[in-house]
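Provided below for reference: sequence and predicted model.
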Amino acid sequence: MSKYAVHNPATGETLAEYAQISDSELAAAITRANTATRGWGRDTTVEERAALVHRIGDLHTERRDELAKALVEEMGKPLAQAYGEVDFAADIYRYHAEIAPAELADEPIELRGGEGSAVIRNAPLGVILGVMPWNFPFYQVARFAGPNLTIGNSVLLKPASQCPKTGELTAKIYADAGAPAGAFEMIFASISQVADVIADPRVQGVSLTGSERAGIAVAEQASRHLKKVVLELGGTDPFIVLSTDDLDATVADLIAGRLDNSGQSCNAPKRAIVISELYPAFTEKLVAGLAKVKAEDPFAEGCELGPVSSASAAAGLADQVARAVAAGGKLLLGGTHEGTFFAPTVIADIPRDSDIYLEEFFGPVALVYEVADEAEAIEVANHTPFGLGSYLYTTDPEQAERVANQIDAGMVFVNCVLADSPELPFGGVKRSGFGREMGRLGATEFVNKKLIRTA
């Protein structure tokens, strides 16, 4: 059986299998990519490459029905959310196409002495490898590949092994949009082959979105071969509630954020940290709200929660819940699953000195902690090895500014969830990784800031 296969998590059915790339095919793909970036990447204008990327976005919109269906079948994403992902991916491509001419334009330097001129030219780096996750296979590719193509870098893209169909559909879109041979190469590679790609001197950088363990392995390989690397890893994002004018709406925001993508988003709010005077009512409303949600067929109309990605993911999540309760956490709701369908779960007050306290729960599990004041809320929020996103609810603008400055995270959202947008940079600190995607920062992550000094 091939490692690359579509296993529908809702039904357990294997829908398709794909052959892993051979070593000779992989070598040929790297050669094509290198040829493309040294030719097409340098000989075309930013405007020409941006037009290609814009067309890629438009094709996502034109084919959204087919793409959304593939998302549901590959990883169980509820259909409405699958459409949302496809639409967001299309917007990201178009955004990067629109900003590329300005962001990649020459940057003049005012000379302090001497004659002539100097500019910083945003030149291509070369071939860039992308190692992609399974939870957002169109969105993640868009935020990685879109800006790299506008730069003139060619892309080698390794999809997650359970997402070959979305990878195949993506590759077809690039080809149909007019991407030249080698500019975008989909590689169904093994872990050892990925290491070989990183070691290849023609490959100049690597971007990975995935687990902490995968990030460590890729960063180790990249550092050994002196390659630039961008990592977006896990998160245990805090959801701090210090005050609110509408507790029902605040709880609803947490539920929406926690259940998005069946709880399988790196930057989902995972730990509710609630001030003491609001804690009892907040927890009661959270349990009542989640109790109304049932895991169901992701194709069902109005589905809010589908299956988790696999049977092993469900088993792993169940083990985490059991260990959290054994450590002293209070199970207030759920904790059970039928196959891959995991019930919404609430666990309160896992002891902070337990190992499980530091782990990321990748599924529909909400953790709740009571704190006495602002200072304790910040302490609990930062008591994590991760630092991806964070959420802060307060009616006090000065408190919002003060607390946001003290949260150790790459992103802080104040009084809102699910507020990502193409112009907003995405990334974290600590063990959540480094580097940024999307926004102006993502537009120039993999460029050669080349100085050209003319006498």
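Here it is on my side, so go on.

The stretch 51-200 of the chain: helices as residue ranges?
Using DSSP state H, counting those that start in this stretch, the helices of the stretch 51-200 of the chain run over 64-75, 79-103, 139-151, 164-177, 191-199.

Strands of the stretch 301-450 of the chain, start to end?
Per DSSP state E, counting those that start in this stretch, the stretch 301-450 of the chain carries strands over the ranges 330-333, 337-338, 341-342, 345-348, 365-371, 386-387, 391-393, 413-414, 429-430, 433-434, 447-454.

Apart from its neighbours in sequence, what residue is nearest Gly289?
Ile255 (5.0 Å; CB to CB, 6 or more residues apart in numbering). Where C-beta positions appear, they are placed from N, C-alpha and C, glycine not excepted.

Tell me, how many residues neighbour that neighbour?
Residues near Ile255, counting by other CB atoms under 10 Å, number 22.

Tell me the helix or strand right after the helix or strand harbouring it.
For Ile255, the host element (DSSP states H and E) is helix 247-259. Using DSSP H and E, the helix or strand that directly follows helix 247-259 along the chain is strand 271-275.

Quick one: list the elements packing against that following strand.
Counting contacts by 3 or more CB pairs under 8 Å, 6 or more residues apart in numbering; DSSP states H and E, strand 271-275 packs against strand 238-241, helix 279-291, strand 365-371, helix 374-382.

Now do it and helix 247-259, the angle between them.
Counting by axes from the mean of the first three to the mean of the last three CA atoms, to 10 degrees, strand 271-275 lies at 160 degrees to helix 247-259.

and strand 271-275 with helix 279-291, angle?
Using the same axes, to 10 degrees: strand 271-275 against helix 279-291 is 150 degrees.

okay, the angle between strand 271-275 and helix 374-382?
Interaxial angle of strand 271-275 relative to helix 374-382 (the same axes, to 10 degrees): 170 degrees.

In the sheet, which strands lie alongside strand 271-275, parallel or antiparallel?
For strand 271-275, the pairing partners within the sheet under DSSP bridges are strand 238-241 (parallel), strand 365-371 (parallel).

Buried deepest among those, which one?
strand 238-241 (a mean of 27; mean count of other CB atoms under 10 Å).

Show residues contacting that one.
Strand 238-241 is contacted from outside by 250, 254, 257, 269-275, 278, 282, 377-378, 380-381, 384, 390-394, 403, 407, 409, 417, using CB atoms under 8 Å, 6 or more residues apart in numbering.

can you give me the mean pLDDT across it?
What strand 238-241 shows for mean pLDDT is 98.

Just give me how far it sits from the chain centre.
How far strand 238-241 lies from its chain's middle: 20 Å, per CA atoms, centre = their mean, to the nearest Å.

mean confidence for the helix or strand hosting Ala28?
Here Ala28 sits within helix 23-38, counting by DSSP H and E. Averaging pLDDT along helix 23-38 yields 98.
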